[in-house]
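Colleague: Sequence unavailable; structure follows:
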Ligand code: PAF
């Protein structure tokens, strides 16, 4: 496994694979890898011959007072896990390599970023799309893989790729869960033992809502209220949002016609967790 820190070196590596007829996949991460990330890497190998995993805790997507400073970092362990998986390249650039002196270009997707996480995290998606666009230019991938747990992020990146005519296929990979249903996330490490138990309520509430829809409930307000109540029963949990939205536009829907996405964000003292479920009427 090669460890690369410089953009030019990564571009040259990717050019070499492309010239030899190989297909390159990129898995962008912020490190602190868990089995969910590793499943993205496995997914990437099903789409390409060679895989680059980027590890970069991107400062521009964290707002003031968010968890940038205590976002977990463990590059050596991450590299060990990726080596065991047979990853071709880890791209772990210093901040100055991604945001060099004098850098002043942002990439921003409008509309899709206004609701859900975008409402309470102004500037977050602008940071995500800016860094992902830069990573695409550095890695020159044919395909890039993102987790479906970050449903809005995946939708926003798809839109950016479409709008900017980026020649990169965007692949979504299913959420990987702990045995009790909690979606795997690097931020789970910041939960205390007690909070970790309480966090089970997220998936339990989403699952119950999905079952209610199958059983005939169509009213978003009723479903949202039930999810909100179940999460609010957890003393350490503070609901950021519970929303039901159209899967493509991310606009709120008052009732479920065929399919919708139920998305939640919940704050614990040192971790903000997100999760979602697809609601289908049949
Ligand atoms: O999902 C993440 O870990 C980050 O938002 C990403 C896509 C790596 C951009 O920093």
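Modeller: It's in. What you see is a predicted model; the values in this text were computed from it and never measured.

Colleague: Looking at residue 78 now. What's its pLDDT?
Modeller: Model confidence at residue 78, expressed as pLDDT, equals 98.

Colleague: So which residues on the protein come close to the ligand?
Modeller: Within the chain, the positions lying close to the ligand (Cβ under 6 Å from any ligand atom) are 28, 29, 30, 58, 61, 128, 131, 132, 150, 153. (C-beta placed from N, C-alpha, C; glycine too.)

Colleague: let's see it at 8 Å
Modeller: For the chain, the residues in contact with the ligand (Cβ under 8 Å from any ligand atom) are 28-30, 54, 56-58, 61, 127-128, 131-132, 135, 146-147, 150, 153, 157, 186.

Colleague: out of those, which are inside helices?
Modeller: 127, 128, 131, 132, 135, 153, 157 (DSSP state H).

Colleague: Can you tell me the closest non-neighbouring residue to whichever residue of the stretch 51-200 of the chain sits closest to the ligand?
Modeller: The nearest approach of the stretch 51-200 of the chain to the ligand comes at residue 58, 3.9 Å away (Cβ to the nearest ligand atom). Of all residues not flanking residue 58 in the chain, residue 131 sits nearest, at 4.4 Å (Cβ to Cβ, 6 or more residues apart in numbering).

Colleague: Surely residue 208 is within a helix?
Modeller: Yes: counting by DSSP: H, G, I helix; E, B strand; the rest coil, residue 208 falls inside a helix.

Colleague: Check the contact between it and residue 231; I expect there is one.
Modeller: No: Residue 208 is not in contact with residue 231 according to Cβ atoms under 8 Å; the separation is 11.4 Å.

Colleague: Touching the one helix or strand residue 144 maps to from outside, list them.
Modeller: Assigned by DSSP states H and E, residue 144 belongs to strand 143-147. By Cβ atoms under 8 Å, 6 or more residues apart in numbering, the residues outside strand 143-147 that reach it are 23-28, 36, 40-41, 43-44, 47-48, 132, 136, 153-154, 157, 168-173, 175-176.

Colleague: could you pull out the helices for the stretch 151-282 of the chain?
Modeller: Assigned by DSSP state H, counting those that start in this stretch, the stretch 151-282 of the chain shows helices spanning 151-163, 193-198, 200-214, 220-232.

Colleague: any idea which of these is most buried?
Modeller: Highest mean neighbour count of the helices of the stretch 151-282 of the chain: helix 151-163, a mean of 20 (counted as mean count of other Cβ atoms under 10 Å).

Colleague: Now do that one: which elements does it pack against?
Modeller: Packed against helix 151-163, as judged by 3 or more Cβ pairs under 8 Å, 6 or more residues apart in numbering; DSSP states H and E, are the following elements: helix 117-120, helix 124-139, strand 143-147, strand 169-173, strand 259-268.

Colleague: which residues sit against the host helix or strand of residue 12?
Modeller: Per DSSP H and E: residue 12 is located in helix 7-19. With Cβ under 8 Å, 6+ apart as the test, helix 7-19 has contacts from 2, 4, 23-24, 49-50, 52, 89, 91, 93, 97-98, 137-141.

Colleague: and that helix, what's its mean pLDDT?
Modeller: 98.

Colleague: From here on, call the first residue 804.
Modeller: Okay, using 804 as the starting number, the last item reads as helix 810-822.

Colleague: Would you mark the buried spots in it?
Modeller: 810, 813, 816, 817, 820 (16 or more other Cβ atoms under 10 Å).

Colleague: could you dump those to TSV with distance to residue 1024?
Modeller: Output for the buried residues of helix 810-822, formatted as TSV (distance: Cβ to Cβ, whole Å):
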residue	distance to residue 1024
810	48
813	48
816	52
817	49
820	51
